[in-house]
Every structure is written in structure tokens, then in C-alpha cells.
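Engineer: Provided below are the primary sequence and the corresponding predicted coordinates.
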Amino acid sequence: MRLHRLTVSAFGPFGATEHIDFDTLSAAGLFLLHGATGAGKTSVLDAVCFALYGAVPGARQSQGAGRLRSDHADPGTATEVVLDVTVGGRRLEVTRRPEQPRRKRSGDGWTTDKAQSLLRAYDPEAGEWRGLSRSHREIGQEITELLGMSREQFCQVVLLPQGDFARFLRAGAEERAQLLGRLFDTGRFAAVERHLAELRAQSQQRLRAADEHLLALAHRMHQAAGDIAAEHPLPPLSAGEPDLTGTVLGWAAVARGTAYERGEITASAAAEAERAHRGAERRLAEARELARLQQRGADAARRAAQLAEAAPERAQVRAHLDRARAADTVQPALDLREQAAAAHRRAARVEEELRARLPTALATATAEELAHQEAQLRERLGALDAARRAEQRSAELAAQLAALEAEAGADEETLREAEQWLADWPARRDAHQARVDAAADAATRAEQLTARLDPASRRLEAARRRDDLAARTETVEHAHLTARERATAAHEEWLDLRERRLQGMAAELAAALRTGEPCAVCGSREHPGPARRGTHHVDRQAEERALAAHREAEDGREAARRTLARHEEALTAATTDADGGETCVLDAEVRALTAERDEARTSAGDAHAAREAMEQALREQAGRLAARDEAGRRAAARAAGREALLTERAALHAEVERARGTAASVSEQASRLQRFAELAARASAAAQQAQDSADRLKQADAQLADAAYRARFSTPQQAAGAVLPPARQRALQERLDDWQAQEGAAAAELADPQVQAATELPPAAPETAERHLALCAARWRAADAAHAAARSRREELVRLSTQAAADARRHAPLRAEADRAAALATLTAGTSAENERRMRLESYVLAARLEQVAAAAGARLAQMSGGRYTLLHSDERAGRGARSGLGLHVVDAWTGQARDTASLSGGETFTASLALALGLADTVSDEAGGTRLDTLFIDEGFGSLDEQTLDEVMDVLDSLRERDRSVGIVSHVAELRRRVPAQLHVVRQRTGSTVRLTGQDA
């Protein structure tokens, strides 16, 4: 990494814009950054760190971004840092602006600008800068990847703070571990420790859960055993007991045997009770059948007596039905007479209503007289046509005059509106122009928000993918555990069968022996006592099947492991892409940016409408001017036409007055005559219709009297009284048919031989049989319930015993897994007896890193101290529970003794801390992938050195320059200004600090 140029504006103590040319300063290899206390020497380093990482070093970051802005700056000058740097072989320019207040562009008050970042790369072929990104996160990732170190590492390696390393020399093991852990990123080893501790706790929890589950099954079997448990009580048990499995399974076997005996006894009792119940059921069925036949005979006799008593009523119903059927022949004449009477009533009522509306003189006129009166009225209507046309023309003239008045009023309103609108035109024009400008600003804002939304959306998508993969990984982990357990069980089954086959191998070989043939083992031709196969002999096929099952299970376990690895790899990638963000937070951020962008786009979308509105307003202005001129011309033309219309209307008015008489108008007079003529016509027609309906009514009366006589009725009224509706006639006929059917059914029932035989026997007693059946049923239910309970108890005990045996087989692998996890966890935590130095895994890694740092720093310290001192790493075991492996001693070559670094003097502490800082810079640089650091800064500490030690330190710094490095010394020591020609002087002033370059090339 090499710095070229730094520009700061309104940053820290710098009130204006300052430019620092590091190429000029670095030409000599060693340059001095000096100035008065508080002038801003450290702020230059802060600006470099802020440009690269968007934050300042150490505690100054906690003061907030708002403190980066200079109090001396002009309100119109924005706080900005621009750094030109070469890193990883690429020439980059980083621009950073922190969040800062500024005055509003319109109106009073202040607003806050959000932080901005810009990364550009120099294209040597094109000779220009090209933009790469505006995203804070993307720029931070790019810089971190190119440098290969985080902000904390950069501040310790490039901006060497001597005070921090002096504290490191005097610090204890825990403080050293914290610093080294941040620099070398050993958190993954601590994560391994935590993961193994979690695995230990999980495996122990699973083991205890298995014991507790087995105990729960034992208590459930004890509860299911019922009174058997009183005879054979379950011994007191607890989780973790060594013989827990054997005790539970032994007690379960005793309980199952007792349950089988109880089941056989209850089954026999239930069968006997069932046979007694079936005999009681047969006797009850016989008693009920006898009672039913006796009841049928009694019911039939009662119905026959009731039908004999109803004979007179049946005769009366039959006579009524015969008269109704005779009246049905007269019904058409009755209907015709009723229709004629209704028609005559309607015609008379209409005639009466119309005559009541006629004048008194015509109320009693005949139909012919009314028709004559209608003809006279029609002649008078024809004479009013000319007067009606004159009245219509007069109305048209009045409408034209009213239209002229309306046009005059409209033109006056048009003139008034045009004058008022034209007076407000300047304000309208300015409003339209402001709307066009606002739409253009919104378009710019929408583009900026779109650039921020794309990376936020990618992080949100990655976070959602991460959450989904986390859930699926948990399922895959469970499947992997199941496959591993299945493979372990198959392996144990194969080993068991193989062992049993080996034990019975003698019998398997003996099966192949033949009389007179030599034995394949001993060679003897006599076989006096060949081995015999046992009851549990395992042959080769069984062993091969078990081996095949074992291999299949192993393949399944390996497939599950690969699947789990793929899911974990995908989950890690998604977690990295999400950059540690929570899904809900990222979703809220994306929604907020989307809403803000959409709002800006909506505002920007108004640009076309705003321009259209502006053009429309200009067209409306031209139209208003033209309308005002046209209204003046129409007013002059209206004055001449109005006089001619008034003259014509006066002449027509006299003719209309003569024709209308007492009516309000000629049309009203014509309407009166028209209504009178129509009323006369309707009254004439109604009188004629009433006369015709009276004639038809007389004819219908004569026909009705003739039909009643032929049906043997004395009068038409008697025939009308005998009429019954069809539904009533059907009901009477059905009643007669029902009586006849009941008579036949009663006779047939009394003639049944079974009914006759039952009536001769004593009355049946089914209630006694029912009570006996209920008693037998209760006994059967009790016996069956006892048998069902015994069977259920036996089945439950068998089921729970089988489940307990299966759990017991799974118990052994869980205990072995728990032992392995505990051994690994205690080893990495430093509490195991096998860990001789009691060092945690992370401490072991940090000790190795510190050993590298001490070796690199010791060489430089020896050079700076004239060969007297060197640094030595110590991995001795610490006492009282302290962290081991992080000891650091200084070896004095003059005395040959090693002592603690806290015993060094002030100047010795400075040289030792400088050597440690340079050694740490080399080690961290190698750890970061060998990134070359061409520019280093050393902050303060030179004032504590004597002249000889200062010479030796300067020799070490010159050696860094010889390796093409440039070293900047931050100090206010006057002697250094004489020794270092190239200088950057930070001048403190009332209006803000400034920088000046001095030296050979300045």
C-alpha cells in the first residue's frame, strides 16, 4: 500500500481545504509530521483511516460522525476526505463524506445530509478515472479485501500507536489475548471451543433424556400393570444408574407373565356369562311374540265393533256425495251467469263515473246525443289552429330576446373572468415553473436511491436464503443423525452375527465331514464326535445379508453427510452475503428505500405533466385575450337585432289575446275543448256497452233455470248449494273406501290361526323375561369388561416392554458419543488431564502468533539497543487459573538474565514497543496474504530517547526505507526536525489548522 495524495475539507481542526502530497514526502523515504500540541497531526492519520474504512481509529470513533466536521468550517463547505492510494497493484481514489448538517436549499433552518462514499479506479490505458461504486458496504469490502486487514489491524500495523504497545508490554495475559485476537482473527478457534462445549452439553442432554424416557416408560408400565404392581412393585429408580436398563426390563418380564395368566382366567368367565345371556334372549323373544299375537287379536275385535257403530254416518256421507255429483252438471250454467252479472256491474259503474263528470245538461243524454256533442267540439278545435301558430311564434320571439339577454350577461361574465385571470397570470406562471423544477430534482433523487437499493436488495435476498437454509439444515442434520444411528445399529448387528458364526464355525465345518474322508482342519479320517449346530446357529448367508445391510446403511450415512455438508456450505455463503444483517431489519431497510425511491419516481413522473400544464397555461392565456376581444364585438351586433324582435312580438300579441278568451293561453283553450270532446266520446261508448251487458245477463238467467230443472233441483239456488269442490268429493270417497278396507282387514286378522291360538293361551309376561335378561346382560358385561381390561393391560405391557427394549438398544451409542464429546470439549477448554499446559485452543493459536511476533520484534530490538536486548516468548504454565502461553520477557545480553517487560525504563519501553509494533506489522502483513505496506506511520514516543538510542532507532527506520518503504514519524521533538529533512508542518491558527511541506523537494 502506498499513499499518493490526501485532500481534507472541513475535517477535524482543518477549517478549509488542505492538500497533502505523500509522493513528495515519501521520495526521501523518511518524513516528519510535526506541529504544536492540538494542531492536528493525528487528524491527518485519522483522515487516512476514515477514507479507507469510513471510520476513525480507536476511541475517537465513539464520539460519533458529527465530531468529524470542523468547528472552524464555513457553513457552505462540506466535510470531505479524498485519498489517492495504490493498493494491491491498483490505483484507487476514495472519497468519503460523513453525515453532516447543512442549510436548507429553500426556506430557513437546517437539514442533515446522509453519509456518501465514492470509489474510483485509474485506467492507465484511457488515462482517466472510472467510477466503481457508491455503496459504503461495497467500498469497505473492496478495501478490506485488497489490504487484507480490518480497520483494527490497519490502525495497529500502519498507524503504529506506541502508547498501545507500551501498554501491551505491561499488560496481563487476558489483555494481550484480546489485542492479538482482534489482530489475528482467532475467533474461529474460540467458536470451535464453544461448538465442542455445545456438543458435549447436547450429547449429555440426549443421554439423560434417553434415561428419563426409559424411566418414563417404566412408570407407564407400572401404571398400566394396575393391581399386578401391588404384587410385584417396581424398585426405586433414577436417571444415570448403571443397571437401570436391566432392572426395568426384568421387572417388565415379570409383569407381562402375570398379565398373561390373568387374561386366561377372565376369558373363561366371559364365555360362560355370554352363554347364559343368549338363553335369556331366546326366552324374552318367545314371550314378546306371544304378547304381540294376543294384542293383534284384541285390536282386530275392537276395530270391528267401531265400524259397526259408524254405519249410519257412512250412509249420510254416501248421499251427500251423490248430490254433489248431480250438481256438477249445473256448474257450467252457474259460471256463465256469474260472468254475465260481473260484466254488467262493471259496465254500469263505468257509465255512472263518466256521466258524473259531464255538465248537468248532458248527464241524462242518450248515447246518440253525446256523439253529436263530440262532433261540435271537434269543429271549434279546428278554428283555433291559426291563433295557436301566432302564440307559438310569440313564444319563440320571447325566447330569442331572453337568449340575447343571456348572451349579454355571459359576455359580461367572460370579460370579468378574463380580466381577473390575466391579472393572476404572473403568479400562475411562476407556480408552473416551480413544479417543473421540483420534478427534475425528484428524478435526480430517484437515481441516487436506486443505486443504494440494489445492494440492500441483494443482502435481503441473501438473508432470506440464509434463514431458509438454516431451517433446512436443521432437518438435514436430524436426517444425518438418524442415518448415523441406523449405520451403527447395522454394524453392531453384523458384528454380532459374525461373532455367533465364528462360535459355531466348528459345527459348520462338521457338516461337511464324510466318513473315510480326511478332516479339513486336523486331517483325521475318523470323526468320533463331530460338533452339532445349536439353536441359534448363524450361517454364511445370514452373515452376508447383515454385511450388505451394514454397507447399505454406511452408504446412506455418507450420502446424508454429503447433503449436510452442501447445506452448511450454502448456509455459510448466504450468511456471508447477508453481512450479518437480520432479515426483518434488511426488509425494513429495503421497504423504506423502495418507498422513498417510488415516492421520488412518482414526483419525477410529474415532469411531463408539469411541462404540459405550463404549455396549457400559455395556451389558456392566449385564449383569454381572444375571448375578451370577441365578447366586445358580439355586444355591438346584439343591439340592432333586439329592436326588430320587439316590434314583431307586439303585433302577434293582439291576435293571441282575442283567440284565447278567458283561458291563460290559446293552447290551454284548445286543451279544454279537446278534453271535453274526449269525455263526451267515452260517455257515449260506456252507455252503449251497459245496454249490451244487460241483454246478455237476461239470457244467462234463462239458461241456468233450464239446467237446474234437468238435474232434478227445485231452484238454481238449491243446485248451487249442493256443489262441492273436487278435493272435498275425493276426501269423501276416500273415507268410504277406508271404512270398507278396515272391515276387510279386521275380518282377516280374526281369521288368522296363530292369533286364534294365542288368544286361547294365558296372558304373556315379557316384563319378567326382560328383567332376567337384564340381570344376565349385567353379568356378561362385567365379565367382558374384566376380560377386556386384562387383555388391554397385557397388550399395553407388551407394547411398552418392546419400546423399552428398543430404547435400551439405543442407549449404548448415546453414552459413547457423550464420552467422546466430553473428552474433546475438556481438551480444547484446557481442563483435561491430557492437556499438560492447561491451554485453551484459542490460547494455543495466539501463543504461536505471539511467538512469531516476538521473533520478528527481537531482531529489531537487538539492533535498536546495540545488541543488548531481545524479546523472548514464554509458554510457561500460569498459576491461579490465568491464561497460559502468552508470556513475554526481555533478555538482557549484558547480564544474561530474562526479566518481565514491565520492568523496562521509559526509553527502553519505547524502543521495545517500537520493535514490537514493527514485528507485529510484518507478522500481520504476512497473515493478511503478504500485502506489501509501502507507507507506515509512527506516532510519538521519541522524546523519551537519549541521543545514542535515537541514532539506533533512526538506523532501524532507515533500514525500512532501504526496503523501499516510506516511514512517517509523528512527533513534536525538535531534534527530529534537524535529522529528518522532509517534513509536513501542521500549523495551528484561529481560523483552523493548515499544512505546509518543507524539506529538499518542498
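Structural biologist: Sure thing, it's come through.
Engineer: Just want the most central residue of the chain.
Structural biologist: C584 (9.8 Å; C-alpha atoms, centre = their mean).
Engineer: next structured bit after the stretch of helix or strand it belongs to?
Structural biologist: With elements taken from DSSP states H and E, the one containing C584 is helix 583-604. Past helix 583-604, further along toward the C-terminus, the next helix or strand under DSSP H and E is helix 606-660.
Engineer: packing partners for the helix or strand following that following helix?
Structural biologist: For helix 606-660, the succeeding helix or strand toward the C-terminus, using DSSP H and E, is helix 666-710. With contacts defined as 3 or more C-beta pairs under 8 Å, 6 or more residues apart in numbering; DSSP states H and E, the secondary structure elements packing on helix 666-710 are helix 331-356, helix 367-383, helix 385-423, helix 606-660, helix 716-722. For the C-beta atoms, the positions are set from N, CA and C on the backbone; glycine is no exception.
Engineer: Quick one: closest of those to R188.
Structural biologist: R188 sits nearest to helix 606-660 of all these, at 53.5 Å, using C-beta to C-beta.
Engineer: quick check: mean pLDDT across that closest one?
Structural biologist: Helix 606-660 shows an average pLDDT of 74 in the prediction.
Engineer: and it, how far from the chain's centre?
Structural biologist: Relative to its parent chain, helix 606-660 has a centroid offset of 65 Å by C-alpha atoms, centre = their mean, to the nearest Å.
Engineer: tell me what that helix is packed against?
Structural biologist: Contact here means 3+ C-beta pairs under 8 Å, 6+ apart; on that basis helix 606-660 packs against helix 385-423, helix 425-503, helix 666-710.
Engineer: closest one to A790 among those helices?
Structural biologist: Between A790 and the helices and strands packed on helix 606-660, the shortest gap by C-beta to C-beta is with helix 425-503, which sits at 34.7 Å.
Engineer: Quick one: mean pLDDT for that closest one?
Structural biologist: The pLDDT scores in helix 425-503 average 83.
Engineer: try stretch 274-293
Structural biologist: 82.
Engineer: Make 728 the first number, not 1, from now on.
Structural biologist: From this message on, residue numbering opens at 728, which makes the last subject stretch 1001-1020.
Engineer: Now the helix holding C1311: buried residues?
Structural biologist: 1310, 1313, 1316-1317, 1320, 1323-1324, 1327-1328, 1330-1331 (16 or more other C-beta atoms under 10 Å).
Engineer: same check, this time on stretch 843-853
Structural biologist: Of the residues in stretch 843-853, those buried by neighbour count under the rule 16+ other C-beta under 10 Å are 843-847.
Engineer: what do you get for stretch 1074-1081?
Structural biologist: Buried residues in stretch 1074-1081, counting neighbours by 16+ other C-beta under 10 Å, are found at 1074, 1077-1078, 1081.
Engineer: Now do E1569 against S736, distance only.
Structural biologist: According to C-beta to C-beta, to the nearest Å, E1569 stands 44 Å off from S736.
Engineer: Tell me which of those two has more neighbours.
Structural biologist: Counting neighbours by other C-beta atoms under 10 Å for E1569 and for S736 shows that E1569 has the greater number, 22 against 19.
Engineer: Show the contacting residues for A1358.
Structural biologist: Shown in contact with A1358 (C-beta atoms under 8 Å, 6 or more residues apart in numbering): 1138-1139, 1141-1142, 1145.
Engineer: do that again at 7 Å, thanks
Structural biologist: For A1358, the contacting residues are 1138, 1141-1142, by C-beta atoms under 7 Å, 6 or more residues apart in numbering.
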